[in-house]
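In: With the sequence up front, the predicted model follows.
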Amino acid sequence: MPDFPAGFRWGVSTSAYQIEGATTVDGRGPSIWDTFAHEAGRIVDGSTGDQACDHYHRHAEDTALLAGLGVSAYRFSIAWPRVQPTGTGPANAAGLDFYDRLVDGLLAAGIDPVATLFHWDLPQPLEDAGGWLQRDTAARFAEYADLTATRLGDRVKLWITLNEPFIHMTLGYGIGTHAPGRMLLFDAFPAAHHQLLGHGLAVAALRARTASPVAIANNYSPVRQVGDTDADRAAAQAYDALHNRLFTDPLLGRGYPDAPGLDPAVIRDGDLDVLAAPIDVLGVNYYNPTGVRAPEEGSPLPFEMVPLDGYPRTAFDWPVAPDGLRELLRQLHHRYGDALPPVQVTESGCAYDDAPDAQGRVDDPERIAYLDGHVRAMREAMAEGVPVTGYFVWSLLDNWEWAEGFTKRFGLVHVDYPTQRRTPKSSYAWFRDLVRR
Ligand code: BGC
């Protein structure tokens, strides 16, 4: 493995609903994921996040696992419905107390707390009022950011406003496989603009409380054009605009790209200036590239997504393509030039069907190979001049993987859900050694 610059940030990521459990404790209100997971047929194994990894009660044990890993940072998310149980009004002190304890525990272990404000768990009453389709939700988000920064702003080392607004818009509001389960296809654009407006307003709110540096974590997927016709090229461009540019161009002062579904009527005067509030770091979440070709005649979509041949695959059936990480980092650098802030890879990881052997050990060589390939690909992009300053593995723990329930394991640490027993996998030791070196 090549050397990394001193001060490079090595971390792991999680999110609140996927690990915390304790969904009715200390005044927490319901989120859209509580509602969705409890609806029949939504989650493949019929499970919910009611208990998840019980991290709410086991955070000290999990902080010890982080300390053992030697990471310099831990990216977690704050559950909005713990801070504001109905999405509006004063802070629920007991909810913030939990994050206070977590943050202090991390700092005592020498680990930088990196807090994401929104990882998809919108308070249910806000969804009842229209969710991210409503402009008002953006203002509510800024208010929540302010309350959280008031309490934690002196100790959090990096603030991330939103996690993957593209995925939340597409799966949550476009095709309905995630909460809140809406199926609006391209009419979901208001959920893009209002999330980004919320991001811009939250950046201002955080800075007003001197809570910084500030970032957003976007999902990126380099497009692999399948076929070579003009129609294939147009399809690849349309998909790229939607997935890779819609949530980045306006933040870096370019305005919106020409993306499918974009509805200018939703954008008010002055909004683009709010969206373009400077950020200090761009968070990049990368899992795999996307194959795209021209759609069949009569398709409602301007592109067709096609499986990519010739790659090994994870348990999610996602192609393992480390070169895609290098490609997307170069693309960001090329596309935005000096406007690109330092980048941190805020999620990178893979699901495999890991299970303890007869001795209770969990050996996961595929994950080691996956991470090794991605770290090297990132390092190559850095050598080519892309300003990358951190890398976070998704995830610390096996956890509740949204619509896949407990069936997909992404952790460096195996979790036996009935007993909540944590067992570090061989990838945990591998990552610890990498960080140490
Ligand atoms: C999300 C995580 C999720 C991971 C694996 C990312 O899109 O931010 O919450 O667990 O992908 O699917």
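Out: Cool, got the structure.

In: Can I take it that Gly411 is in a strand?
Out: No. Gly411: not assigned to a strand; according to DSSP: H, G, I helix; E, B strand; the rest coil it is coil.

In: burial of Gly255, as a residue count?
Out: When neighbours are counted by other C-beta atoms under 10 Å, Gly255 registers 11. No exception for glycine: its C-beta is placed from N, CA and C like everyone else's.

In: can you tell me how far it sits from the ligand?
Out: 26 Å (C-beta to the nearest ligand atom, to the nearest Å).

In: give me every residue that touches that residue.
Out: Each residue near Gly255 by C-beta atoms under 8 Å, 6 or more residues apart in numbering is listed here: 249, 272.

In: Does Asp112 touch Ala73 like I think?
Out: Yes. Between Asp112 and Ala73 there is a contact at 4.1 Å, judged by C-beta atoms under 8 Å.

In: joint contacts of those two?
Out: 9, 11, 157-158.

In: Between these, which sits nearest Pro418?
Out: Comparing these against Pro418 with C-beta to C-beta picks out Gly11 as the nearest, at 28.9 Å.

In: for the spatially closest residue to that closest one that is not a sequence neighbour, phi and psi?
Out: Excluding its sequence neighbours, the residue lying closest to Gly11 (C-beta to C-beta, 6 or more residues apart in numbering) is Ala73, at 3.5 Å. The phi and psi torsions at Ala73 (degrees, to the nearest 10) take the values phi -150, psi 150.

In: and if you look at Arg421?
Out: Dihedral angles (degrees, to the nearest 10) for Arg421: phi -70, psi 130.

In: quick one: contacts for it?
Out: Counting by C-beta under 8 Å, 6+ apart, Arg421 has contacts Val415.

In: Just list whatever residues bridge to it.
Out: Asp416 (DSSP bridges).

In: Ok, Gln344 next?
Out: Bridge pairing for Gln344 - DSSP bridges - gives Gly283, Gly390.

In: the helices in this protein, which residues?
Out: 16-19, 32-37, 55-69, 80-83, 93-108, 124-128, 136-152, 165-167, 189-208, 230-240, 271-275, 322-336, 365-383, 426-436 (DSSP state H).

In: Now do the fourth one: which elements does it pack against?
Out: Spelled out, it's helix 80-83. Helices and strands touching helix 80-83, by 3 or more C-beta pairs under 8 Å, 6 or more residues apart in numbering; DSSP states H and E, are helix 93-108, helix 136-152.

In: which of these is buried the deepest?
Out: Mean neighbours per residue, mean count of other C-beta atoms under 10 Å, is largest over the helices and strands packed on helix 80-83 for helix 136-152, with a mean of 21.

In: Determine how far that helix lies from the middle of the whole chain.
Out: 19 Å (C-alpha atoms, centre = their mean, to the nearest Å).

In: Near the closest residue to Arg379 other than its chain neighbours, how many other residues are there?
Out: Leaving out its chain neighbours, the residue that sits closest to Arg379 by C-beta to C-beta, 6+ apart is Pro2, at 5.1 Å. Neighbourhood size, Pro2 [other C-beta under 10 Å]: 9.

In: Inside strands: which ones of the shared contacts of Asp112 and Ala73?
Out: Mapping those onto strands (DSSP state E) picks out 9, 11, 158.

In: before we move on, back to that, ok, so what distance separates the residue nearest to Arg379 from the ligand?
Out: 27 Å.

In: Format the helices and strands packed on helix 80-83 as CSV; extra columns: mean pLDDT and distance to the ligand.
Out: As requested, these are arranged in CSV below (pLDDT from 0 to 100; distance: least, C-beta to the nearest ligand atom, whole Å):
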stretch, mean pLDDT, distance to the ligand
helix 93-108, 98, 18
helix 136-152, 98, 18
